[in-house]
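Asks: Build me a model:
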Amino acid sequence: MNDSSWQPEPVPAGPAYDAQVGPHTRPMPIVPDAAGRDFDDREARDRGAAAHGGSLFRAETPPQEPMPSPPPPPSQVPQDASPPPQKKRAGRDLRAAIGVGVGLGAVIFASLFIVKAVFVGVIVVAVVVGLWELTSRLQEKKGIKAPLVPLAVGGAAMVIAGYVRGAEGAWVAMALTALAVLVWRMTEPPEDYLKDVTAGVFAAFYVPFLATFVAMLLTAHDGPQRVVTFLVLTVVSDTGAYAVGWRFGKTKLAPRISPGKTREGLFGAVAFAMAAGALCMEFLIDHGSWWQGLLLGLAVAVSATLGDLGESMIKRDLGIKDMGTLLPGHGGIMDRLDSLLPTAPVVWLLLAAFVGTG
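Replies: Sure thing, here's the model as predicted:
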């Protein structure tokens, strides 16, 4: 077929024909309507062709493939399409924490069973460093100037007096330390005097006075075993809370104070501490009984948890995570004493009630 067959027929001139005729179209007649006006009959012919199943003319170009639709914007992505859950990880360097813990345990146990006085010196050092950390953070974050010198001297005297003279000596040293704080602060301007001395008396009671009960545990004939029981129960309670809470913890215990603690972790602390208490009372403490160990473990789990929450409350008020950086993986000395300090008087009192102070 040649191209001549696609040529249009001759179009006569005149008003009866549409002058705008393309090279491949047949001219359409102009039909007058009832009002005498002319209209283009192309629409009528198109409707007729569509009724017979096709358009009037076939397309000369092949149909194009549909364009792929763009991805939906992020705002239209379903909200439930969350990323896969990540594996839980511990919040601290566990290797460093374990290494430091083992080193501290070796020092404590060696001093306990070689010379008791050396262990008293270990308590004094821990108290002085803890007071330094606490007073430094108070001044940095709150502008509170609790006098460190009378606190450190009085704190050391408190621990020694408790070891030598018992509870009576500890109370006398505590009173003298509070008086020294009041007098020492008088050498500075009176502004914020009440705030500074209040913080100083609080620090004297919170750190050295509570630590004195550890020295008082040591004065019994089985003193090293009592101190070991106190340390083991506190550490086991913390370990049980961490292990169970990290694996099964879902219900927050005190979200406004310490969001990481859970009720499941508290149950783990109680279970671990009660089991360890039964074993310690049965095999370490003279004249002790396993049922006494159950009660002792329960009390330690509660006091250790409250002590940890109390320390967390202080740090949250100060806006800090740790009291110091002296112990890698642990923070500062005060971050390790948080559960030990309030537990010491609880253990001393219960052991005195169960088997006496001798």
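
Asks: contacts, neighbours, all on C-alpha from now
Replies: Fine.

Asks: for residue 320, helix, strand, or coil?
Replies: Under DSSP: H, G, I helix; E, B strand; the rest coil, the three-state class of residue 320 is coil.

Asks: try residue 259
Replies: Assigned state for residue 259: strand (three-state reduction, three-state DSSP).

Asks: residues touching it, list them.
Replies: Taking CA atoms under 8 Å, 6 or more residues apart in numbering as the criterion, residue 259 is in contact with 252, 253.

Asks: Let me know the distance separating it from residue 244.
Replies: As judged by CA to CA, to the nearest Å, residue 259 and residue 244 stand 15 Å apart.

Asks: Tell me the confidence at residue 157?
Replies: pLDDT recorded at residue 157 is 97.

Asks: can you count the residues close to the closest residue to it other than its chain neighbours?
Replies: Of all residues not flanking residue 157 in the chain, residue 173 sits nearest, at 6.5 Å (CA to CA, 6 or more residues apart in numbering). Neighbours of residue 173 under the rule other CA atoms under 10 Å: 22.

Asks: In the strand or helix carrying residue 196, which residues are buried?
Replies: Using DSSP states H and E, residue 196 sits within helix 193-204. By 16 or more other CA atoms under 10 Å, the buried positions in helix 193-204 come out as 193, 196, 197, 198, 199, 200, 201, 203, 204.

Asks: Same list (those) but as a markdown table, adding pLDDT.
Replies: Shown next, in a markdown table, are these (pLDDT from 0 to 100):
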| residue | pLDDT |
| --- | --- |
| 193 | 97 |
| 196 | 97 |
| 197 | 97 |
| 198 | 97 |
| 199 | 97 |
| 200 | 97 |
| 201 | 97 |
| 203 | 97 |
| 204 | 98 |
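
Asks: in what helix or strand does the residue lying closest to residue 215 once chain neighbours are set aside lie?
Replies: Using CA to CA, 6+ apart and skipping residues adjacent in sequence, the residue nearest residue 215 is residue 163, 5.1 Å away. Using DSSP H and E, residue 163 sits in helix 148-185.

Asks: and that helix, what does it pack onto?
Replies: Judged by 3 or more CA pairs under 8 Å, 6 or more residues apart in numbering; DSSP states H and E, helix 148-185 is in contact with helix 116-142, helix 193-204, helix 210-217.

Asks: which parts of it are buried?
Replies: 148, 150-152, 154-163, 166-167, 169-171, 173-174, 177-178, 180-182, 185.
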